[in-house]
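Enquirer: give me a model of this one.
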Amino acid sequence: MRIVDVEQIREAVKKAVITANTLLPADVLEGLQKALDRETVPRARRMLEIILENARQAQEESMPLCQDTGLVTVHIELGQDVHLEGGSIYQAINQGVREGYKAGYFRASMVEDPLHRSNTGDNTPAVVHLELVDGDEVTITVFPKGAGSENMGRTAMLKPADGWTGVRQFVVETVRIANANPCPPIIVGVGMGGNLEKACLLAKKALLRPINKPHPDPEIAEKEAELLQAINQLGIGPQGLGGDVTALAVNMEVFPTHIASLPVAVSLNCHSTRRAVVKI
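Expert: Residues are numbered from 1 along each chain as shown. I've put the predicted structure just below:
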């Protein structure tokens, strides 16, 4: 049994919040550079150059990659051999978010009630997903996501007879409808299987996987590549101004489902896909 004080989690979340909002992950930077290398439309190339320059300046000046510093999702993989002490893990996570957003001078975007719309002032509460796993480590993934991309997510309960053709059509149509709203070039997370809420969580978790790592199952990896090709043929391009590259990657996660169901969810992320991972 390993003892972890929640104070360590608070500090880790605080640091990860700042890192995620100012430092674009290496795989996303690599994806943007590859997009620039293969883009043939001059206007689209210029947009990609601006995006890369924005990432460089954000890193050098410790400034937000985007003015929408997002709703923070925190994914916790908690080893079953870990004993937490010192208080509530949820309070520690939210305190870390609170302190990180204050220290980084990041915009507070959370409102207390979806209808009354009173700002909480510190970008809390975070959305927390806690998963029990083997071992004695705590893995924390901090994932701020802006509303421009989050608002364009969709889910559907397809019929089993729709099969892969139906899933493919739904994913591509979701991107077509979104068009410029999620600030392309985007990363597309697809969740397939489970039930209504599981499919949505799968889609969001798919976005946590680096974009240079295809799914380990070759059949699913092939479907990711097929979807990416179909999406880029839409011609939406960087910032919706037309071009060869609408998406940098498609990541898919799959789970068993009911004999009468074919759930599918799509979560889109903008070119500023922000995530930071910390292990304790």
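
Enquirer: using PDB, write out the CA atom coordinates for stretch 242-261.
Expert: This file holds the C-alpha atoms of stretch 242-261, laid out as PDB (Å, rounded to 0.1, in the frame of the first residue of the first chain):
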ATOM      1  CA  GLY A 242     -10.300  26.100 -47.600                       C
ATOM      2  CA  GLY A 243      -7.400  23.700 -48.000                       C
ATOM      3  CA  ASP A 244      -6.100  20.200 -48.000                       C
ATOM      4  CA  VAL A 245      -5.900  19.700 -44.200                       C
ATOM      5  CA  THR A 246      -9.100  19.900 -42.200                       C
ATOM      6  CA  ALA A 247      -8.100  17.400 -39.500                       C
ATOM      7  CA  LEU A 248      -4.700  16.400 -38.200                       C
ATOM      8  CA  ALA A 249      -5.900  13.000 -36.900                       C
ATOM      9  CA  VAL A 250      -8.800  10.800 -36.000                       C
ATOM     10  CA  ASN A 251      -8.600   8.800 -32.800                       C
ATOM     11  CA  MET A 252     -11.100   6.100 -32.100                       C
ATOM     12  CA  GLU A 253     -11.900   4.100 -29.000                       C
ATOM     13  CA  VAL A 254     -14.300   1.100 -29.000                       C
ATOM     14  CA  PHE A 255     -16.200  -0.800 -26.300                       C
ATOM     15  CA  PRO A 256     -18.700  -3.700 -26.400                       C
ATOM     16  CA  THR A 257     -22.300  -2.800 -26.700                       C
ATOM     17  CA  HIS A 258     -25.900  -4.200 -26.600                       C
ATOM     18  CA  ILE A 259     -27.100  -6.500 -29.300                       C
ATOM     19  CA  ALA A 260     -29.700  -3.800 -30.300                       C
ATOM     20  CA  SER A 261     -27.400  -0.800 -30.100                       C
END
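
Enquirer: pLDDT on it, on average?
Expert: Taken as a whole, stretch 242-261 has a mean pLDDT of 98.

Enquirer: tell me the buried residues in that stretch?
Expert: By neighbour count with 16 or more other Cβ atoms under 10 Å, stretch 242-261 contains the buried residues 243-254, 257, 261. Yep, even glycine has a C-beta here, placed from its N, CA and C like the rest.

Enquirer: nearest to H83, of those?
Expert: Ranked by distance to H83 (Cβ to Cβ), those are led by E253 at 29.8 Å.

Enquirer: next, the buried residues of stretch 146-166.
Expert: 146, 148-150, 152-156, 158, 166.

Enquirer: equivalent analysis for stretch 131-143, please.
Expert: 138-143.

Enquirer: go on, stretch 110-122?
Expert: 110, 122.

Enquirer: same question, stretch 36-50
Expert: Neighbour counts over stretch 36-50 (16+ other Cβ under 10 Å) mark 36, 39, 41, 44-45, 47-48 as buried.
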